[in-house]
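Trainee: Model the structure of this input:
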Amino acid sequence: YYQEVLEINPDDYDAKLALGRLFILQKDFSSAREFFNLILSEDKTDLEAYYGLFRISELEKHYPKQIYYLKKILEYAPTNISSEYKIDILFKLSSAYENNQQYRLALNAYDKILNIDETYAEAWAEKGKLAYWTNSPFKAERYYKTAIELDSTHLPYKESLRKIQAVIKLNYKVLQNYLYEKEDNLKTNNYYQTYQLSKRITDLWESELDYHLLYS
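Mentor: Take a look at the predicted model:
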């Protein structure tokens with residue numbers, strides 16, 4: 001029916017947009033792109049067309065294209081666009097940066113979200129995850145604690161916090177091993193023990209005390 005609309009009126013915007021979206025649902029991405037690009041050839045600032053192209057790249061897991069189209073949406077979005085819409089686009093952009101291993105840019109995008117709404121718990125949790133990935137557990141702990149304060153019912157946040165706190169707490173380890181070797185004219189019994197205390201002091205420093213005992 002939308003194609004019939006275009007036969008009657010080839011300039012009908014809603015029909016082009018609807019067809020692009022329907023072709024995405026049918027996973028006919030080539031046809032969907034044609035309609036979205038047709039819209040952009042007439043108006044390079046159309047946010048819905050860019051979002052349609054983003055959805056295609058999202059389904060194809062093409063992260064650089066996702067980043068490109070989301071940045072275009074932010075570039076052409078009017079200044080009076082709703083905070084909820086802008087946060088949604090920024091969050092998707094952050095995720096695309098993460099998947100593309102551009103962690104610093106992902107953090108910058110999460111910070112932009114928090115500048116709009118500092119109570120956005122998911123952004124704090126994602127900052128915690130990135131801090132953990134980049135070997136900054138104390139920052140990660142602080143960010144996750146903030147996320148939990150804002151959303152205390154979110155169990156995955158609490159589980160992630162427990163994992164991080166296990167990294168930064170005082171750790172004690174005991175290793176023991178016994179080895180018996182036999183040759184033509186020699187038998188050897190080896191028994192050794194290792195005692196270890198380790199503590200992560202800051203994101204940059206860790207102290208460790210080891211004691212080794214070997215008996216042969």
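Trainee: rest of the way, CA atoms for contacts and neighbours
Mentor: Noted.
Trainee: residues in contact with the lengthiest strand in the chain?
Mentor: Criterion DSSP state E: the longest strand present in the chain is strand 187-200. Contact with strand 187-200 is made by 167-182, 206-216, as judged by CA atoms under 8 Å, 6 or more residues apart in numbering.
Trainee: What pLDDT does the model give residue 6?
Mentor: For residue 6, the model assigns a pLDDT of 89.
Trainee: Let me see the residues that make contact with whichever strand or helix holds it.
Mentor: Using DSSP states H and E, residue 6 sits within helix 2-8. Helix 2-8 is contacted from outside by 12, 15, 16, 18, 19, using CA under 8 Å, 6+ apart.
Trainee: List buried residues within those residues.
Mentor: By neighbour count, with 16 or more other CA atoms under 10 Å, the contacts of helix 2-8 hold 15, 16, 18, 19 as buried.
Trainee: Need those residues in CSV (columns: distance to residue 163 and pLDDT).
Mentor: Formatted as CSV, these follow (distance: CA to CA, whole Å; pLDDT from 0 to 100):
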residue, distance to residue 163, pLDDT
15, 50, 95
16, 49, 94
18, 46, 96
19, 47, 96
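Trainee: In helices only, show me those.
Mentor: Secondary structure defined by DSSP state H assigns 15, 16, 18, 19 of the buried ones among the contacts of helix 2-8 to helices.
Trainee: so what's the first one closest to, chain neighbours aside?
Mentor: Among residues not flanking residue 15 along the chain, residue 2 sits closest, at 5.3 Å (CA to CA, 6 or more residues apart in numbering).
Trainee: can you tell me how far the residue of the chain most remote from its centre sits from residue 216?
Mentor: If you look at how far each residue of the chain sits from its centre, by CA atoms, centre = their mean, the farthest one is residue 185, at 61.2 Å. The gap separating residue 185 from residue 216 is 16 Å, by CA to CA, to the nearest Å.
Trainee: Likewise for residue 76?
Mentor: 74 Å.
Trainee: Also residue 176?
Mentor: 14 Å.
Trainee: now do residue 70
Mentor: On the measure of CA to CA, residue 70 and residue 216 end up 65 Å apart.
Trainee: Neighbour count for these two, which is higher?
Mentor: residue 70 (22 against 10; other CA atoms under 10 Å).
Trainee: Break down this structure into its helices, ranges please.
Mentor: Using DSSP H, helices in the chain cover 2-8, 13-25, 29-42, 47-59, 63-76, 83-99, 103-116, 121-133, 137-150, 155-168.
Trainee: tell me the angle of the second one relative to helix 47-59?
Mentor: If I follow you right, that is helix 13-25. Interaxial angle, helix 13-25 versus helix 47-59 (axes from the mean of the first three to the mean of the last three CA atoms, to 10 degrees): 10 degrees.
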